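Undergrad: sequence? don't have it. structure:
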């Protein structure tokens, strides 16, 4: 295995319902990253979260919130 000294992280937040050109939008960055030979790309699905506004996002975010 070869050691890497330089690294970068690119994080994109794309909704599952976003799309274009006949396929889900989250696939486009993965295919684009592969073209120049980047080492890897991963798509993660977030079940729930919140952003700067503190508004909850997720498929259960309107079902009463979280239990503490």
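TA: Noted; the coordinates are in hand. What you see is a predicted model, and the numbers here were worked out from it, not measured in a lab.
Undergrad: Low-confidence stretches in this protein?
TA: Applying pLDDT under 70 to the chain flags the ranges 1, 4, 59-68.
Undergrad: Please report the distance of residue 34 from residue 40.
TA: According to CB to CB, to the nearest Å, residue 34 stands 9 Å off from residue 40. C-beta coordinates here come from the backbone N, C-alpha and C atoms, glycine included.
Undergrad: So those two - more neighbours on which side?
TA: residue 34 (11 against 7; other CB atoms under 10 Å).
Undergrad: nearest residue to that one other than its sequence neighbours?
TA: Using CB to CB, 6 or more residues apart in numbering and skipping the chain neighbours, the partner closest in space to residue 34 is residue 41 (6.9 Å).
Undergrad: In a helix, the one you found, correct?
TA: No. Counting by DSSP: H, G, I helix; E, B strand; the rest coil, residue 41 is not part of a helix but coil.
Undergrad: ok, it - contacts?
TA: Contact partners of residue 41, counting by CB atoms under 8 Å, 6 or more residues apart in numbering, are 29-30, 33-34.
Undergrad: in this protein, which spans are strands?
TA: In the chain, the strands defined using DSSP state E lie at 19-20, 23-24, 48-50, 56-58.
Undergrad: which residues of this protein fall in helices?
TA: For the chain, the helices identified by DSSP state H occupy 27-34, in order along the chain.
Undergrad: tell me the contacts of residue 45?
TA: residue 16.
Undergrad: how close does it sit to residue 24?
TA: For residue 45, the distance to residue 24 - CB to CB - is 11 Å.
Undergrad: Determine the residues that are contacts of both of these two.
TA: Common neighbours of residue 45 and residue 24, using CB under 8 Å, 6+ apart, are residue 16.
Undergrad: would you list the strands of the chain in CSV and tack on distance to residue 2 and mean neighbour count?
TA: Converted to CSV, the strands of the chain look like this (distance: least, CB to CB, whole Å; neighbours: other CB atoms under 10 Å):
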stretch, distance to residue 2, mean neighbour count
strand 19-20, 35, 12
strand 23-24, 32, 12
strand 48-50, 34, 11
strand 56-58, 39, 14
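Undergrad: which non-adjacent residue is nearest residue 47?
TA: Nearest to residue 47 is residue 58, by CB to CB, 6+ apart, at 5.8 Å.
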